[in-house]
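Colleague: Pasting a predicted model and its sequence here:
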Amino acid sequence: MARPTFDKLCAHARETALLQSVAELLGWDERTKMPPAAGPYRAEQITYLSSLAHRRHTDPQLGDWLDELAASDLASDPHSDAGATIRQMRREYEKLTKLPQTLVEELTRASVLGQQAWVEARKNDDFATFAPILERIVNLKRQQAEAIGYADCPYDALLDDFEPGETTKNVAGVLEGLRSELVPLVAAIAESSRKPNLDILKRRYPIDAQESFGKQAATAIGFEFNRGRLDVTHHPFCAGMGPDDCRLTTRYDERFFPSGFFSILHEAGHGIYDQGLRSDQYGLPPGTYVSLGIHESQSRMWENMVGRSVAFWRHFFPLAQQAFPKALGDTQVEDFCFAVNDVRPSLIRVEADEATYNLHIIIRFELEQALINDGLAIKDLPAAWNQKYRDYLDIEPPTDADGVLQDVHWSAALIGYFPTYALGNLYAAQFYAQAAKDVGPLDEQFERGEFASLLGWLREKIHRQGQCYSARELVETVTGQPLSHDWLIAYLREKYTSYYDLS
Ligand code: ZN
């Protein structure tokens, strides 16, 4: 009885995915190849496709099918492919249909105006001109939270857009644990007399050689270039636009090696997750990534835990010396590794190292809660921002442009997004420790240029699960423990104790 309805539901979802994959392709083109004058018409093309997709997501027919299926045998095992499909689609449908159409439209408009105002305000270091539209956005996000509903605080409803099923209270508890150990660790590193020679990274690294070396590394860790590409953009991203079409992007700086190379590893990590999802479930929840935090755990693991390890460079450094003989010919692998693992408090999140990055995120997470839950006034936001930078990183932002105005997220109405970056680091460390337990010493394999056993482990435990488990369930199922900051702190402490001679 239920099977024909389930088949109709899946066909509907696959057709929506087809539509969205076309929009993705247009979006990728916009950020990599499109001539500048094509912008306005491209915006119309993408808006048109998104409105068609939104109409399909809220099609009342879906609601009828999902009601019927929720009571059927197909939904009895929530972790089966059919059970997960029904559960996740019902969750999305109920959430989207709770949002009034006028609120959706106002949020879209405010985010377009917000981003335009932000570009100008940042350029002119003028928070006051950005404040009115930010105030409007925060009010609309509060309305969104009220419309959707929440158990504990309004921020719960916003966080759920990016990390489904996670709660503010749980994330706050884990990040507070992380903060309390990270602040003294970063302070101890700042006081260490040992410092890397960063000039190594600022020699001349020809762009052609960077591209081929980056592709060589991405291929070695498992990215499949017959199902993907690598192109150049301003703000690197990874976009999937079909079961066998994943686009990586990076940006190169001839005078700063890490910029291009670690962006490639990071985006390849996202791409490897995308390529590891089950093609036969494309467009359905079992073939879709589970949360932004889990997505980020995959990029961070390959970029940092693998890509900044000495073991990785024992294999790749001789190849890097061949690719960049003038820059690296007389450099020792140990000095190079210390340079790419440099830690120091800095103002700008996107340029931050692996340790202080989390403090940048915690600051934003705390301020977002203050804005949404506690009524922090927009006019008081810059001072609150600067105070937290003094408290956690012991630095003073000299301008709002390099302070509260540095990120695009709030101007684009993305509130609740930031914590997923830190969650990614936490998940990555917890998964990585478990992988090492399950498949044996990873370092020895990396030194031989072998990454297949870590990749295979990730494929089986994470990628192929799609949305059959929530992020929280996945962590507990895979590692046997709830999410904790212990693994990340242990990993960072071990790494930096040797580099910085900490006691
Ligand atoms: Zn990422």
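Modeller: Now that the structure is in, tell me what you want to look at.

Colleague: who touches the residue nearest to R448 when sequence neighbours are not counted in this structure?
Modeller: Sequence neighbours aside, H315 is the residue nearest to R448 in space, at 6.7 Å (criterion: Cβ to Cβ, 6 or more residues apart in numbering). C-betas here are computed from N, CA, C, even on glycine. The neighbours of H315, taking Cβ atoms under 8 Å, 6 or more residues apart in numbering as the test, are F446, E447, R448, G449.

Colleague: By neighbours, which of these wins?
Modeller: Neighbour counts for those (other Cβ atoms under 10 Å) peak at F446, which has 23 neighbours.

Colleague: Can you name the residue of the stretch 51-200 of the chain nearest the ion?
Modeller: Distances between the stretch 51-200 of the chain and the ion by Cβ to the ion are smallest at F162, namely 12.4 Å.

Colleague: what secondary structure does that residue sit in?
Modeller: coil (DSSP: H, G, I helix; E, B strand; the rest coil).

Colleague: Apart from its chain neighbours, what residue comes closest to it?
Modeller: Setting aside the residues directly before and after it, F162 is nearest to L292 in space (Cβ to Cβ, 6+ apart), at 4.6 Å.

Colleague: Quick check on R247: phi, psi?
Modeller: With angles defined as degrees, to the nearest 10, R247 sits at phi -110, psi 120.

Colleague: Now do the same for it: its pLDDT.
Modeller: On the pLDDT scale, R247 is placed at 98.

Colleague: looking at it, it is touching A239, isn't it?
Modeller: Yes. With contact defined as Cβ atoms under 8 Å, R247 counts as touching A239 (4.9 Å).

Colleague: Close to the ion: what parts of this protein are there?
Modeller: E296, S299 (Cβ under 5 Å from the ion).

Colleague: tell me which element Q216 falls in.
Modeller: Per DSSP states H and E: Q216 is located in helix 207-221.

Colleague: Pull out the C-alpha coordinates of the following helix or strand past that helix and format them as CSV.
Modeller: Next helix or strand after helix 207-221 toward the C-terminus (DSSP H and E): strand 228-232. Taking Å, rounded to 0.1, in the frame of the first residue of the first chain, the C-alpha atoms of strand 228-232 are listed here in CSV:
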residue,chain,number,x,y,z
GLY,A,228,35.5,16.7,-10.6
ARG,A,229,37.5,19.7,-11.4
LEU,A,230,39.7,22.4,-9.8
ASP,A,231,39.3,26.0,-10.8
VAL,A,232,40.2,29.5,-9.5
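
Colleague: For strand 228-232, give me every contacting residue.
Modeller: 32-33, 211, 214-215, 218, 245-252, 264, 271, 275.

Colleague: For PyMOL, write a command that selects the buried ones of these.
Modeller: A single PyMOL command is used to select the members of the contacts of strand 228-232 judged buried by 16 or more other Cβ atoms under 10 Å:
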select buried, resi 32+211+214+215+218+245+246+247+248+249+250+252+264+271+275
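
Colleague: dump the residue contacts of the closest residue to the ion within the stretch 201-350 of the chain.
Modeller: Residue nearest to the ion within the stretch 201-350 of the chain (Cβ to the ion): S299, separated by 4.2 Å. Applying Cβ under 8 Å, 6+ apart to S299 gives the contacts C238, H266, E267, A268, G269, H270, Y273, G424.

Colleague: So which of those residues are in strands?
Modeller: C238 (DSSP state E).

Colleague: Could I get the contacts of S299 in JSON lines, plus columns for neighbour count?
Modeller: Putting the contacts of S299 into JSON lines (neighbours: other Cβ atoms under 10 Å) gives the following:
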{"residue": "C238", "neighbour count": "24"}
{"residue": "H266", "neighbour count": "23"}
{"residue": "E267", "neighbour count": "28"}
{"residue": "A268", "neighbour count": "31"}
{"residue": "G269", "neighbour count": "32"}
{"residue": "H270", "neighbour count": "25"}
{"residue": "Y273", "neighbour count": "26"}
{"residue": "G424", "neighbour count": "23"}
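
Colleague: Tally up the residues packed near L103, please.
Modeller: Neighbour tally, L103, other Cβ under 10 Å: 15.
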